[in-house]
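Trainee: Quick one: sequence plus predicted model below, questions after.
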Amino acid sequence: MGRAPCCEKAHTNKGTWTKEEDQRLISYVRTHGEGCWRSLPKAAGLLRCGKSCRLRWINYLRPDLKRGNFTDEEDELIIKLHGSLGNKWSAIATRLPGRTDNEIKNHWNTNIKRKLLGQGLDPRTHRPVHGGSQSSGVSADDDSRRSNLDLDLTISLPSSRSSETICFCYHLGIRSSEACSCRTSSSMRFLSFQHTSSTSTSP
DNA sequence: AAGCCCGACAACCGCTCCCTA
DNA sequence: CTAGGGAGCGGTTGTCGGGCT
């Protein structure tokens, strides 16, 4: 038993937005503000799904959007943020004013990924693609797991001051998440979170 | 000129999160 | 405490335009 669909698909348009639809959406949001996306299409006279309206507004129609190519500085920042946040596109987007998560995601998949691969770096782990495992005789699976472990170790606890802990969840902006075990923290649990976090991004 | 290929980007889909009753 | 629903997120697909053969 699934949940009810977000909109009545039989009576909604799909595909590329027309200028008229854009205008309707813009003028509605200008007068009523963002929010209540589910009821917006009907109120604005649009034959669109609420989710589609929200996406169109956020990714394309918002007045504060910065259109155009990404600068090298932005690329650098995205790579840096992706290194610490992973595929949290919305979190990355909050650090790049005028850019949307969708835009950044597309840019990552089409440009930056290739750029990193060209530099011999794994876009997922930001580590060299050939880590020298060929001669070790271990399986690719083992190597992949070990590479995740390596990644965890790079952000592990400070070696000193046993009673103090640095909460990465706080730094990553997910402190309220259940994944953050600081409330019950022992160092083992903390590390456990890091491990599952990194392995869950594996394909 | 026509057809094909590929990159870029817009949009959709399904899932999760989070708030509220 | 729990269930339901809206909003948000990330992965994936679709479409379009430009370059190449």
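Mentor: Done, it's in.
Trainee: Please count neighbours and contacts with C-alpha atoms only from this point.
Mentor: Fine.
Trainee: Just give the number of residues close to residue A:67.
Mentor: Per other Cα atoms under 10 Å, the neighbour tally for residue A:67 reads 10.
Trainee: list the contacts for it?
Mentor: A:98-99 (Cα atoms under 8 Å, 6 or more residues apart in numbering).
Trainee: which ones are touching the closest residue to residue A:122 other than its chain neighbours?
Mentor: With sequence-adjacent residues excluded and distances taken as Cα to Cα, 6 or more residues apart in numbering, residue A:122 is closest to residue A:129, at 5.0 Å. Contact analysis of residue A:129 by Cα under 8 Å, 6+ apart lists A:117, A:120-122.
Trainee: what stretches of chain A score poorly on pLDDT?
Mentor: Applying pLDDT under 70 to chain A flags residues A:1-11, A:130-203.
Trainee: Could you rerun that using 50?
Mentor: Where chain A drops to pLDDT under 50, the residues are A:1-4, A:132-203.
Trainee: For burial, what's the neighbour tally of whatever residue of chain A ends up closest to DNA strand B?
Mentor: Nearest residue of chain A to DNA strand B: residue A:14, at 3.3 Å (Cα to the nearest atom of the strand). Neighbourhood size, residue A:14 [other Cα under 10 Å]: 11.
Trainee: tell me which element it is part of?
Mentor: According to DSSP states H and E, residue A:14 maps onto no helix or strand at all.
Trainee: And for it, nearest residue in space, chain neighbours not counted?
Mentor: residue A:48 (7.1 Å).
Trainee: for that neighbour, what are its contacts?
Mentor: By Cα under 8 Å, 6+ apart, the contact set of residue A:48 is A:12-14, A:41.
Trainee: so which of the residues you listed comes closest to DNA strand C?
Mentor: Using Cα to the nearest atom of the strand, the contacts of residue A:48 come closest to DNA strand C at residue A:14, 8.9 Å.
Trainee: Now do that closest one against residue A:113, distance only.
Mentor: The gap separating residue A:14 from residue A:113 is 30 Å, by Cα to Cα, to the nearest Å.
Trainee: now residue A:123: how far from DNA strand C?
Mentor: Going from residue A:123 to DNA strand C by Cα to the nearest atom of the strand, to the nearest Å gives 12 Å.
Trainee: Can you tell me the SS state at that residue?
Mentor: Following DSSP: H, G, I helix; E, B strand; the rest coil, we place residue A:123 in the coil state.
Trainee: Please report the number of neighbouring residues for it.
Mentor: 22.
Trainee: One more: the one 4 residues further on?
Mentor: Neighbours of residue A:127 under the rule other Cα under 10 Å: 16.
Trainee: got it, and residue A:100?
Mentor: Neighbours of residue A:100 using other Cα under 10 Å come to 21.
Trainee: How about the backbone phi and psi for it?
Mentor: Main-chain torsions, residue A:100, degrees, to the nearest 10: phi -100, psi 160.
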